[in-house]
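In: Fold the following, please.
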Amino acid sequence: MVITVQDEGSGFPPDTIPHLFEKFYRVPGTRPGGTGLGLSISKGLIESMQGTLEADNRPAGGAVFTVRLPVEIRPKELRDEHG
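Out: A predicted model of the protein is given here:
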């Protein structure tokens, strides 16, 4: 399964993208507040489910986050028995 979340804001300075998921990292010049843990925690949770979380800038402006999670497709007879 692929989930994308995007906005039409200013995006990220390109040199900050590799650091976005580091604990306590905050993009320089952003508003004060928060601890800098949200993206790190999100990435850890998604990776615990064998998924990935990536961030990038949209070509037209803004940011995009992409979550990829493996999905097991069960045969119909198993879905009926086990939900």
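
In: Quick check: which ranges of the chain have low pLDDT?
Out: Across the chain, the ranges flagged by pLDDT under 70 are 78-83.

In: For it, give the helix that spans the most residues.
Out: Counting by DSSP state H, the longest helix found in the chain is helix 38-48.

In: Show me what that one is packed up against.
Out: Helix 38-48 is packed against strand 52-57, with contacts defined by 3 or more Cβ pairs under 8 Å, 6 or more residues apart in numbering; DSSP states H and E. Where C-beta positions appear, they are placed from N, C-alpha and C, glycine not excepted.

In: Next, the buried residues of the strand it packs on.
Out: Residues of strand 52-57 classed as buried: 53, 55, 57 (neighbour count, 16 or more other Cβ atoms under 10 Å).

In: in its sheet, what does that strand sit against?
Out: The strands beside strand 52-57 in its sheet (DSSP bridges) come out as strand 63-68 (antiparallel).

In: Mind listing residues that contact the strand it pairs with?
Out: Outside strand 63-68, the residues that touch it by Cβ atoms under 8 Å, 6 or more residues apart in numbering are 1-7, 9, 11-12, 46, 51-58.

In: The residue nearest the centre of the chain: what's it in contact with?
Out: Centroid-nearest residue in the chain, with Cα atoms, centre = their mean: residue 53, separated by 3.9 Å. Each residue near residue 53 by Cβ under 8 Å, 6+ apart is listed here: 21, 39, 42, 43, 46, 47, 65, 66, 67, 68.

In: Could I have the buried ones of the residues you listed as ChimeraX selection syntax?
Out: In ChimeraX, this line selects whichever of the contacts of residue 53 come out buried by 16+ other Cβ under 10 Å:
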select :21,39,43,46,65,67
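
In: got the contacts of residue 53 as TSV, with distance to residue 77 columns?
Out: Shown next, in TSV, are the contacts of residue 53 (distance: Cβ to Cβ, whole Å):
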residue	distance to residue 77
21	40
39	40
42	35
43	36
46	30
47	32
65	36
66	33
67	30
68	28
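
In: coming back round to it: between the buried residues of strand 52-57, which is nearest residue 27?
Out: residue 55 (10.7 Å; Cβ to Cβ).
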